[in-house]
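A.B. asks: Return a 3D structure for these sequence lines:
(chains A, B and C)
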Amino acid sequence: MELRSYIFRRLLLLIPVLFGVTVFIFGITMLFSPTQRATLYITSPQQMRDLATIIARYGLDRPFWSQYATWIGQVLTGNLGWSNVVSMPVWNAIWHYLPATLELAIVAAPLIILTGIFLGSKAAAHKDRPLDHGTRVIAIVGWSLPTFWLGLILLMIFYGYFRGFLPPGRLSTQMEVVVTSADFIRYTRMNTIDAILNLNGPVLLDALRHIILPVITLSVVNVAFIMRLMRSSMLESLGKGYILTARAKGLSERVVVNKHARRNALIPVITISGYLFAALANGVVITETIFSYKGIGWWAWQSAIRLDIASVLGFALFNAVLFVVVNLVVDVLYTRVDPRVRLGGTVQ
Amino acid sequence: MKKILFISLAMVLALSVSLIGCDGGGGEAIPLHNPDDFIQETIGDVDSLDPAWGYDTSSGEQVTYIYEPLLVYDGESTDVFLPALATNWTVVNATQIRFTIREDVSFHEGGSLTPEDVEYSFERMMVQDRGGGPAWMINLPLLGMYRTRSGATIVADGEDIDNAVEVDGNEVVFNFAIEFPMIQWLQILVQPWGSILDKEWCVANGEWDPASDPLSGEGWKAYNNPAKADSYLYNHANGTGPWKLDTWQAGDYIRLIEHEDYWRGSVPFNLVVTKFVDEYTSRRLSLLNGDADLIYVPRQYIGDLEGNTELNAYEDLPALQNDCIFFNFSIDPDSDFIGSGALDGDGIPPDFFTDEHVRKGFAYAFDYDTYIADAFLGEATRMGNPLVDGLLGYDPNAQMYSHCLTAAADELELAWGGNVSDVGFKFTITYNSGNIERKTGCEILAEQLLAIDPKYQIAIQPLTWPTFLDNIFSEDPGVHKGPLPLFQIGWLADYPDPDNFITPYMHSYGDWAYYQDYGYPSLDTKIETARYETDDATREILYDEICDIYHEDCPGIMLSQPLGRRWFTKYIHGFYFNPTIPGPAGPLYYMSKS
Amino acid sequence: MIRQLVKNPLSLAGIIILLIFVVIAIFAPLIAPTPDGHLNPYMIPHEGYSPIPQPPSEEHIFGTTEGQYDIFYGVIWGTRSAFQVGLVVIGIVVVIGIILGSLAGYFGGIIDEVIMRITDIFLAFPTLILAMAIVSVLGPSLKSVMIALAVVSWPSYARLIRGDILQVREEDYIEASRGIGASSSRVIIRHALPNAIYPTLVMASLDIGAIVLSAAALSFLGLGAPEGYADWGQLTSFARNWIVGPYGEPLKYWYAVTIPGLFILFFVLGWNLLGDAFRDILDPRLARR
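C.D. replies: Next up, the predicted model:
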């Protein structure tokens, strides 16, 4: 099947998924009474005396289909609505808060994947020996750690005990001033990258100081997962025919492992990296909240708690699109790495 | 692989070594940074910079830096006024007051202050009248109605709005539609919503234009009740105040810079920066490092900074607010919170609290001292009635219910002909989750009643804020009120007049009393008489009587008024406390840093 | 199989840990007795109302957390909450997964398409946010948490069952049953399901830990068990304001943060150890998942 038409077909799938997601979320929000939804627009209970006006103003008591239709109409003209919790249009909010989350993902993901691959293949190569058992225990413990608790403990030690060594937030006050001043150009709004591009050492150091703990918190659970996966798929490929051939040819164990087994073991890892995205998306909410690292996870949480429907919907759309696209990329990559798989083949 | 690991580990170590000791610590001297700027770190965010829109302290604070009203309070007073944008004023009669407008005052964007600007500012507020906003305080005296709308239709008459504010030479004339106490009007004008805008600038930027959409026509109605972001003044500002808007990064910070042509003269700070930082420990670090001059300290962390000689702390500042546990006299019979719905030991009937013995029993049962000691760490004053310290009519020796379990038991024995003490009761009390003070209040009430008699059982349930409000502000008009048997909520002053506190608590149409189904005609008349009384001495007597009625009727368990603190570095001077000033920084223009 | 589990040191450790928790849960009223007159044993008793946590003492072995809730009582009764949440949610989810997955897998066609699209929709959303939205609507309580987690978790099970049914469907014995005229449901229940059930059990046992973690996360974020409820996540959320102690004593309130978290860690660890061993034993092929 032609690559282009396959991609096109998959992207078409976006429509029912987006429709389903948004109808579902809208449905949930309809379970809230108009009064509850009106509380988003007030800043003190005294303003509730104007409840009727607020409800009328924002159409909070119109029937489901009417509100949904209005919203869809707006979306199709490019207006995702207004995010009350951060006082900017939803579209702007997504792009405003995305860099922080991307930064976390960009720093964390390679760390997770590389560490996971490294430890996993080491464990497979030393199967059933102490190293294998050791890493297995570490993996299971890491997997069992509550992310939020890990974050709190890390803060307690590195922020409390070591007196502000690794603080929450994205930047310290002084660096915040530097970054928003005219001399500093914010290319990507990711502080680490921008600092490098601006050749600004102090900002880079400060940004790193702030990002280390959130990255560690995010990584621990996921490293464990990837590690185990890598190990088992390595084990499988190590038992395959071509490996035996390579060994028979007299190639050193190292070459066998590194060149042949590992490359083939990467296949499921690629798939899993797609699901890593989903894991990060979840983990990021808690991590950003604990460390006051204001990214898209933090924004989504604030919106959910304060019933900012427009924001939640905007986040849902964004997330769904990302999900479908990532799945598509993973599936296409899959075919590139494993020549046995054809496009459009039924994949589990 | 191994090499990469090794190198990265080495880098991490190097990083750590280079960064240890980055904390400012405490007890050490605080350095003087940014001598020309005032930087504060607090929580929350600005809602809107439009003076006619904002109804929260954060917005109000920024508006007081950027804009100015016609008059201001004299220092710490809340009823003596000094001229600001008006040079003087004359009360003509009970429905008219005239203000002479100051000359040679410039706006940030270059315009000059004229009486037309004043007229426009107030007309615009009435035209806009956003739902849930402060315009009702302008609407009521000038138009005789709280809102320009009934439901979604506009019922106000453009002509009436036009006639309410007129320009006469260099004066602005306010014509009231009803007889309104002048002192309250002046107090309303001092607040942020009395700020004066530049008519030409507003019109040029898309705001309502009285020339193209005159009040005699219908066009002005399109500007009524807009969405927040539809107003240009939401995030743009042009006032006459000492600072002008530089940048507002929503959720992060707002920065103001000095207005060089400020009519009063030199401005003490070049920059005024307000940062919104959620983490207390970060704020604390900024303060101790000299990077912030003022921070918000949650009550539980007071011990942290106490005794630090590098800081200027002001304490026991009585805020114009209070909290109270309200009885619902007409509970929704279908409520999930009243158990069986009958006085059978498994619930309470919807009219349970109409018996005053029940109410008084509860009032005697509450442990007020523990409440203040634990929920407020001692930083609150017990109240016996709605009038708080700072208002005319406040009586520090007012009658209050003491915490006395035997008196409580006695009252409950008399309740409902003795049935209450025979069968007991069961119901659920709620609070908005996350609010420690209210949770403590609920727990104290429940546990004290349980201690009197194990048949008096109250369960406690936290609700999310939207659900909590939904349950309070709920009714079947004429039939019953909301489902909550008791709700704990407070009042924050709009302006420092006793009527602003008494009406919500005791008038049949008051914000809280209405949803309790409390209030009756004779009391209403008394409240209205006190409202319009112009002689202070007579007023005090009237409010004395009203407060006695509050104590006798006991429509709620009156709790306390919080006492606030401010934490400045020692370099900030000139702070004084006026409870009407929104925001913690206080009268910033009169302060300095050295 | 039991022997294999016991021989493996890791799974043995898991079993022991879980047994300890089971004992704690069953004997909670003896280990941490509810004071007289206290109405709801799942609401942690508290002495006083002060928001400042108190360190471990004779009376309060693990100290008290914000609001003077006894941490010891909280973690002991929290064990019951944890089991409740884990087992109930997994129970619901497995049942729904089996029903929908079987329908999709066995009948294929339109039914399959529809069910798969629905699971797509659920999976396209970060589970935590969806769970938060549901709890927001239903109000914070353990029941809402269970419902929310069930709603976000069933799709993976439906898919899993479906996949296994698809594999098993082509097996000979299924053909044989159909050949002798057995009805579809009979075929599914008596033949397809039992063979598909093993991987599900593996996943379920691993998932109990994940469910409890999610529930704790929800409580921590304020959308779970109500304040003062004996729930580990709820206890940890109390500690949020107290991570950093006063100047000079930064780790002063360590017990409020560490202890509830350790309970969560070990509980989940127990399930994960067990589930991991399950997996290795039941089907080495499954190690790939």
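
A.B. asks: Check which helices and strands the helix or strand that contains residue A:110 sits against.
C.D. replies: Counting by DSSP states H and E, the element that carries residue A:110 is helix A:90-125. Packing partners of helix A:90-125 (3 or more C-beta pairs under 8 Å, 6 or more residues apart in numbering or on different chains; DSSP states H and E): strand A:82-83, helix A:130-144, helix A:191-197, helix A:201-238, helix A:262-290, helix A:296-305, helix A:309-337. Using the backbone N, CA and C atoms, a C-beta is placed for each residue, glycine as well.

A.B. asks: closest to residue C:54 out of those?
C.D. replies: helix A:262-290 (24.1 Å; C-beta to C-beta).

A.B. asks: Around chain A, which positions in the stretch 151-300 of chain B sit nearby?
C.D. replies: B:151-152, B:225, B:227-229, B:235, B:249-251, B:253, B:275, B:277-279, B:281-282, B:285-286, B:291-292 (C-beta under 8 Å from any C-beta of the partner chain).

A.B. asks: 10 Å instead?
C.D. replies: Counting by C-beta under 10 Å from any C-beta of the partner chain, the positions of the stretch 151-300 of chain B adjacent to chain A are B:151-153, B:224-230, B:234-235, B:247-253, B:255, B:273, B:275, B:277-279, B:281-286, B:288-289, B:291-292.

A.B. asks: Out of these, which sit inside strands?
C.D. replies: Residues of those located in strands (DSSP state E): B:153, B:247, B:248, B:249, B:253, B:255, B:273, B:275.

A.B. asks: Need these in a markdown table (columns: distance to residue B:118).
C.D. replies: Below are those laid out as a markdown table (distance: C-beta to C-beta, whole Å):
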| residue | distance to residue B:118 |
| --- | --- |
| B:153 | 29 |
| B:247 | 28 |
| B:248 | 26 |
| B:249 | 32 |
| B:253 | 32 |
| B:255 | 28 |
| B:273 | 30 |
| B:275 | 33 |
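
A.B. asks: Buried ones among the residues you listed?
C.D. replies: B:248, B:249, B:253, B:255, B:273, B:275 (16 or more other C-beta atoms under 10 Å in any protein chain shown).

A.B. asks: For ChimeraX, write a command that selects the buried ones of the residues of the stretch 151-300 of chain B next to chain A.
C.D. replies: Command for ChimeraX, covering only those of these found buried under the criterion 16+ other C-beta under 10 Å:
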select /B:224,225,226,228,234,235,248,249,250,251,252,253,255,273,275,277,278,279,281,282,283,284,285,286,288,289,291,292
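
A.B. asks: Which ones among the residues of the stretch 151-300 of chain B next to chain A also lie next to chain C?
C.D. replies: B:279, B:281, B:284, B:288.

A.B. asks: per-residue pLDDT, residue B:7?
C.D. replies: Here, the pLDDT recorded for residue B:7 equals 59.

A.B. asks: The helix or strand of chain B with the lowest mean pLDDT: what's the following helix or strand?
C.D. replies: Least confident helix or strand, chain B: helix B:2-19 with a mean of 55, by mean pLDDT, DSSP states H and E. As assigned by DSSP H and E, the chain's next helix or strand after helix B:2-19 is strand B:37-42.

A.B. asks: Would you mind putting the buried ones among the ones in strands among the residues of the stretch 151-300 of chain B next to chain A into JSON lines with pLDDT alongside?
C.D. replies: Shown next, in JSON lines, are those (pLDDT from 0 to 100):
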{"residue": "B:248", "pLDDT": "91"}
{"residue": "B:249", "pLDDT": "84"}
{"residue": "B:253", "pLDDT": "88"}
{"residue": "B:255", "pLDDT": "92"}
{"residue": "B:273", "pLDDT": "92"}
{"residue": "B:275", "pLDDT": "90"}
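
A.B. asks: Contact partners for the nearest residue to residue B:32 once chain neighbours are set aside?
C.D. replies: Leaving aside its chain neighbours, residue B:32 sits nearest to residue B:571 (5.5 Å; criterion: C-beta to C-beta, 6 or more residues apart in numbering or on different chains). Applying C-beta atoms under 10 Å, 6 or more residues apart in numbering or on different chains to residue B:571 gives the contacts B:30-33, B:35, B:290, B:293, B:310-312, B:592-594.

A.B. asks: what about the residue in the stretch 1-150 of chain C that chain A sits nearest to, which helix or strand?
C.D. replies: Distance from chain A to each residue of the stretch 1-150 of chain C (C-beta to the nearest C-beta) is smallest for residue C:121, at 3.7 Å. In the assignment (DSSP H and E), residue C:121 maps to helix C:109-123.

A.B. asks: angle of that helix against helix A:309-337?
C.D. replies: Computed by axes from the mean of the first three to the mean of the last three C-alpha atoms, to 10 degrees, the angle separating helix C:109-123 from helix A:309-337 equals 120 degrees.

A.B. asks: And helix C:109-123, what's buried?
C.D. replies: The neighbour-count check on helix C:109-123 (16+ other C-beta under 10 Å) flags C:112, C:115, C:116, C:118, C:119, C:120, C:121, C:122, C:123 as buried.

A.B. asks: now stretch B:98-115: mean pLDDT?
C.D. replies: Stretch B:98-115 shows an average pLDDT of 94 in the prediction.

A.B. asks: now do stretch C:242-258
C.D. replies: 80.

A.B. asks: what about dumping the CA coordinates of it to CSV?
C.D. replies: Extracted in CSV, the C-alpha atoms of stretch C:242-258 (Å, rounded to 0.1, in the frame of the first residue of the first chain):
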residue,chain,number,x,y,z
TRP,C,242,5.2,20.7,54.9
ILE,C,243,7.9,19.4,52.6
VAL,C,244,10.3,22.1,53.8
GLY,C,245,10.4,22.7,57.4
PRO,C,246,11.4,26.0,59.2
TYR,C,247,14.8,27.4,58.6
GLY,C,248,17.4,25.3,60.4
GLU,C,249,15.1,22.3,60.5
PRO,C,250,14.3,21.5,56.9
LEU,C,251,13.4,17.9,57.5
LYS,C,252,11.3,18.6,60.5
TYR,C,253,8.1,17.1,59.0
TRP,C,254,9.7,14.2,57.3
TYR,C,255,7.2,11.7,58.8
ALA,C,256,4.2,13.4,57.2
VAL,C,257,5.7,13.0,53.8
THR,C,258,7.7,9.7,54.0
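
A.B. asks: any low-confidence regions in the stretch 151-289 of chain C?
C.D. replies: C:168-175, C:177-178, C:181-189, C:191-192, C:196, C:247, C:282-289 (pLDDT under 70).

A.B. asks: what about the helices in it?
C.D. replies: Taking DSSP state H, counting those that start in this stretch as the criterion, the stretch 151-289 of chain C contains helices spanning C:172-179, C:184-187, C:193-220, C:232-238, C:254-282.

A.B. asks: just to revisit the earlier point, any chance of the buried residues of helix C:109-123 in CSV, plus pLDDT?
C.D. replies: Output for those, formatted as CSV (pLDDT from 0 to 100):
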residue, pLDDT
C:112, 84
C:115, 86
C:116, 83
C:118, 85
C:119, 85
C:120, 81
C:121, 81
C:122, 83
C:123, 79
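
A.B. asks: As a markdown table, those residues with distance to chain B would be great.
C.D. replies: Output for those, formatted as a markdown table (distance: C-beta to the nearest C-beta, whole Å):
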| residue | distance to chain B |
| --- | --- |
| C:112 | 39 |
| C:115 | 33 |
| C:116 | 34 |
| C:118 | 28 |
| C:119 | 29 |
| C:120 | 30 |
| C:121 | 26 |
| C:122 | 24 |
| C:123 | 27 |
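
A.B. asks: what about residue B:60, which helix or strand?
C.D. replies: Using DSSP H and E, residue B:60 sits within helix B:57-66.

A.B. asks: Mind checking the pLDDT average for the next helix or strand after that helix?
C.D. replies: Counting by DSSP H and E, the element after helix B:57-66 in chain order, helix or strand, is strand B:71-73. In this model, strand B:71-73 has a mean pLDDT of 95.

A.B. asks: in whichever helix or strand comes after strand B:71-73, what's buried?
C.D. replies: Per DSSP H and E, the first helix or strand lying C-terminal to strand B:71-73 is strand B:81-83. Residues residue B:81 are the ones in strand B:81-83 that count as buried (16+ other C-beta under 10 Å).
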